[in-house]
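1. Fold the following, please.
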Amino acid sequence: MLIQGRLAQLDDATRDLVSWAAALGHSFNPTTLARVMDWSLPRLLTAIDQLEQYGMIRPSSSIEGEIFYDFAHDIVRQVAYQQFSDPRRCLIHTHIARALNPIATPTSHLINDVAHHAALGNDHELAASASLMAAERCLRLFAYAEAAELAQRGMRHCQSLEPIQRVRSQLNLLKVLVKAGVPKAEAAPFQQQIQQLIQAAVALKLKDEEATGLEALIVLNYDHGNLRAVHQHSLRAAEQGRTASPATTMYMLAHTGACLAEIGREMTRAEALLLEAQSIADRLGLDTIDIPFGLGCVRRYQGQLEEARSLLGQGWLMAQLSQDHWRECACLMNLVMLELERGSPDLALDYCRELLHVSAQMGEGSEAPHAAALNAVTQYLLQEEDDLEQATVLLEQSRQDLIQIDSPRVLSYIQTIAGQWDLQQGHLLQAVTRAEEALEAAQMVDNPSEIALAWSIIIQASHQRGNLACAQRHHRELQAKLKNQPLSARAQKALAHLEQLLIQSDLLEAPP
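-> Reported below is the predicted structural model:
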């Protein structure tokens with residue numbers, strides 16, 4: 001009653017202002033309030049002075065340089081807010097959302113307010129579009145839980161949209177949800193929902209939206225290590241992308257090429273797609289991180305390591321500037337692996353620090369355990385004999401984590417790198433144990449280069465232990481398995497070294 005009495009003492013205009021401020025939330029910005037009420041700032045400040053004198057509001061902290069006020073007590077806000085009837089309250093929230101929308105950029109906190117008020121006002125189209133932009137902003141700020149919540153809220157409003165807008169909005173929101181991180185147990189329903197929406201996009205002849213759905217499928221399957229599905233969806237994306245707008249064609253060719261290059265599949269096609277995307281991008285005056293990133297992966301595969309480092313560094317910088325943390329991690333992972341393959345674990349460690357920092361702030365995806373695994377194997381290569389036990393424990397923990405999240409591709413890689421180091425140190429049994437696990441994991445993802453590298457360690461270990469017949473037999477098996485299979489420059493170099501070793505031991509005839 002005391003609060004209602006104080007409100008009654010205000011003139012009608014100021015009392016109305018309090019109610020509008022209450023609709024804005026627990027805190028409100030005077031400039032925003034002036035805009036939505038269409039008041040001049042001097043008039044608003046006079047009313048604010050009066051409200052401060054009555055002890056109803058008080059200055060609060062600033063956000064992004066803007067001053068905010070709080071209600072002195074939440075009960076004040078509740079009473080003021082209840083001055084409106086339910087229908088008028090809904091209209092006020094719609095008005096606030098539409099008044100803020102023209103000044104709410106995708107990088108401003110105001111876009112979250114637009115999404116909030118549009119939802120309360122049941123402006124479904126604005127709620128869906130603003131929720132998408134607000135969720136994308138949260139992704140850039142590492143606020144993955146909030147991004148997922150906003151995207152889910154936007155999905156609910158999509159149900160009231162016309163079919164074309166509904167499919168377009170839902171696919172974009174699902175892509176945000178995927179990037180925010182989908183737990184493995186929930187991946188199958190997400191995949192089914194995305195595929196249903198892709199079919200709806202095809203029926204409605206929405207080429208760009210079909211491409212969006214395919215990109216979401218690629219990210220979802222990549223994050224959970226389903227490389228065969230990544231390969232399949234990537235090829236479909238490249239085929240479909242050619243029927244979309246020129247800009248979408250460029251983006252899809254680049255994304256497909258980058259995906260194929262990153263997982264080490266069809267590298268010749270990956271390079272061709274990336275170069276074609278580069279040609280279109282140059283013509284349109286556009287750019288995308290996927291082109292330098294993808295070409296960096298191709299050059300790393302080809303053994304052109306200096307060019308690969310330059311391209312991956314360019315992609316990393318672009319990802320940082322655009323706050324694309326998913327691609328930032330991908331570039332950094334490849335830079336770490338490149339330095340490990342060059343025999344420079346000290347340089348790899350610098351990239352590991354950056355990778356650990358970024359991945360630690362990401363959502364439910366595989367980035368953090370992958371970063372930890374690469375850091376562990378780098379530390380393993382760098383430790384002196386006295387510290388080897390601690391480094392071994394760290395590597396074993398990462399190994400267990402990779403098994404738990406079902407990531408055979410990264411498991412194969414770190415065990416091959418560690419096994420090669422064990423071999424060089426004369427720890428032959430340990431080298432074989434690691435290489436056998438690497439081989440099994442590489443076969444699971446059908447990676448011929450990693451298969452070759454793992455077998456190379458096993459054969460060299462057999463040779464060093466004097467099991468020459470075993471080494472010779474394994475080499476024949478390896479040759480049969482990898483016949484006509486494309487191999488990375490690193491794998492080719494390892495096999496060439498192995499053949500020289502066997503020739504010198506009269507286990508293999510020298511080529512004519």
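2. make it CA atoms for all contacts and neighbour counts henceforth
-> OK.
3. residues near Asp86, how many?
-> 10 (other Cα atoms under 10 Å).
4. what's the spacing between it and Ile92?
-> 10 Å (Cα to Cα, to the nearest Å).
5. Same check on Gln420?
-> 67 Å.
6. So for the two, which sits in the more crowded spot?
-> Gln420 (27 against 22).
7. Would you check that the more buried one makes contact with Trp455?
-> No: applying Cα atoms under 8 Å as the test, Gln420 and Trp455 come out as separate, 10.9 Å apart.
8. gap between Ile291 and Arg35?
-> For Ile291 relative to Arg35 (Cα to Cα), the value is 43 Å.
9. What's the mean pLDDT across the strand or helix carrying Ala491?
-> Using DSSP states H and E, Ala491 falls within helix 489-504. Mean pLDDT, helix 489-504: 91.
10. which parts of it are buried?
-> Buried residues in helix 489-504, counted by 16 or more other Cα atoms under 10 Å: Ala489, Arg490, Ala491, Gln492, Ala494, Leu495, Leu498, Glu499, Leu502.
11. can I have that helix written out in CSV, keeping just the CAs?
-> What follows is helix 489-504, C-alpha atoms only, in CSV (Å, rounded to 0.1, in the frame of the first residue of the first chain):
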residue,chain,number,x,y,z
ALA,A,489,53.9,-36.5,-47.5
ARG,A,490,54.6,-37.4,-43.9
ALA,A,491,53.4,-41.0,-44.4
GLN,A,492,55.3,-41.3,-47.7
LYS,A,493,58.5,-40.2,-46.0
ALA,A,494,58.1,-42.7,-43.1
LEU,A,495,57.5,-45.5,-45.6
ALA,A,496,60.5,-44.5,-47.7
HIS,A,497,62.7,-44.5,-44.5
LEU,A,498,61.3,-47.9,-43.6
GLU,A,499,62.1,-49.3,-47.1
GLN,A,500,65.7,-48.1,-46.8
LEU,A,501,66.0,-49.8,-43.5
LEU,A,502,64.7,-53.1,-44.9
ILE,A,503,66.9,-52.8,-48.0
GLN,A,504,70.0,-52.3,-45.8
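12. Tell me which other helices or strands that helix touches.
-> Counting contacts by 3 or more Cα pairs under 8 Å, 6 or more residues apart in numbering; DSSP states H and E, helix 489-504 packs against helix 290-302, helix 448-464.
13. Tabulate those helices (CSV), appending mean neighbour count.
-> Shown next, in CSV, are these (neighbours: other Cα atoms under 10 Å):
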stretch, mean neighbour count
helix 290-302, 27
helix 448-464, 24
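14. weakest of those in terms of mean pLDDT?
-> helix 448-464 (a mean of 94).
15. Could you list the residues in contact with that one?
-> 412-413, 416, 419-420, 423, 428-429, 431-432, 435-436, 438-439, 442-443, 468, 470-472, 474-475, 478, 482, 485-488, 490-491, 494-495, 498 (Cα atoms under 8 Å, 6 or more residues apart in numbering).
16. Met37: neighbour count?
-> Neighbourhood size, Met37 [other Cα under 10 Å]: 17.
17. average model confidence for stretch 324-338?
-> 95.
18. Moving C-terminal from the helix or strand of the chain with the lowest mean pLDDT, which element do we reach first?
-> Scoring the helices and strands of the chain by mean pLDDT, DSSP states H and E places helix 2-9 at the bottom, with a mean of 62. As assigned by DSSP H and E, the chain's next helix or strand after helix 2-9 is helix 12-24.
19. Once you drop chain neighbours, what's closest to the residue sitting nearest the centre point of the chain?
-> Among the residues of the chain, the one closest to the centroid is Trp326, at 2.6 Å (Cα atoms, centre = their mean). Among residues not flanking Trp326 along the chain, Lys179 sits closest, at 7.5 Å (Cα to Cα, 6 or more residues apart in numbering).
20. for that neighbour, what are its contacts?
-> Lys179 touches Leu139, Val219, Leu220, Trp326, counting by Cα under 8 Å, 6+ apart.
21. Can you list the residue ranges for strands in this protein?
-> 27-28, 57-63, 66-71 (DSSP state E).
22. Tell me which of the ones you listed approaches Met318 most closely.
-> With distances scored as Cα to Cα, the stretch of those nearest to Met318 is strand 57-63 (27.3 Å).
23. I'd like to know which elements that closest one is packed against.
-> By 3+ Cα pairs under 8 Å, 6+ apart, strand 57-63 packs against helix 41-53, strand 66-71.
24. Check which helices and strands the longest one sits against.
-> It stands for helix 41-53. Secondary elements touching helix 41-53 (3+ Cα pairs under 8 Å, 6+ apart): helix 30-37, strand 57-63.
25. the inter-axis angle of it versus strand 66-71?
-> 40 degrees (axes from the mean of the first three to the mean of the last three Cα atoms, to 10 degrees).
26. how about the helices in the stretch 351-500 of the chain?
-> 367-382, 388-404, 408-425, 428-444, 448-464, 468-481, 489-504 (DSSP state H, counting those that start in this stretch).
27. So which elements touch the fourth one?
-> With contacts taken as 3+ Cα pairs under 8 Å, 6+ apart, helix 428-444 sits against helix 408-425, helix 448-464.
28. mind putting those in JSON lines, distance to Pro106 included?
-> Formatted as JSON lines, the helices and strands packed on helix 428-444 follow (distance: least, Cα to Cα, whole Å):
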{"stretch": "helix 408-425", "distance to Pro106": "35"}
{"stretch": "helix 448-464", "distance to Pro106": "42"}
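29. between the ones you listed, which gets nearest to Gln278?
-> helix 448-464 (27.2 Å).
30. Centre of the chain to that closest one, how far?
-> How far helix 448-464 lies from its chain's middle: 33 Å, per Cα atoms, centre = their mean, to the nearest Å.
31. In PyMOL, select just the buried ones from the contacts of Lys179.
-> A single PyMOL command selects the buried members of these (16+ other Cα under 10 Å):
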select buried, resi 139+219+220+326
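32. For the contacts of Lys179, could you give me a markdown table that also reports distance to Leu235?
-> Shown next, in a markdown table, are the contacts of Lys179 (distance: Cα to Cα, whole Å):
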| residue | distance to Leu235 |
| --- | --- |
| Leu139 | 27 |
| Val219 | 14 |
| Leu220 | 16 |
| Trp326 | 21 |
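33. List just the nearest of the contacts of Lys179 to Gln196.
-> Leu220 (15.1 Å).
34. just checking, the closest one touches Val178?
-> Yes: at 5.9 Å, Leu220 counts as touching Val178 under the criterion of Cα under 8 Å.
35. before we move on, back to that, which one of the strands of the chain has the most crowded surroundings?
-> strand 27-28 (a mean of 20; mean count of other Cα atoms under 10 Å).
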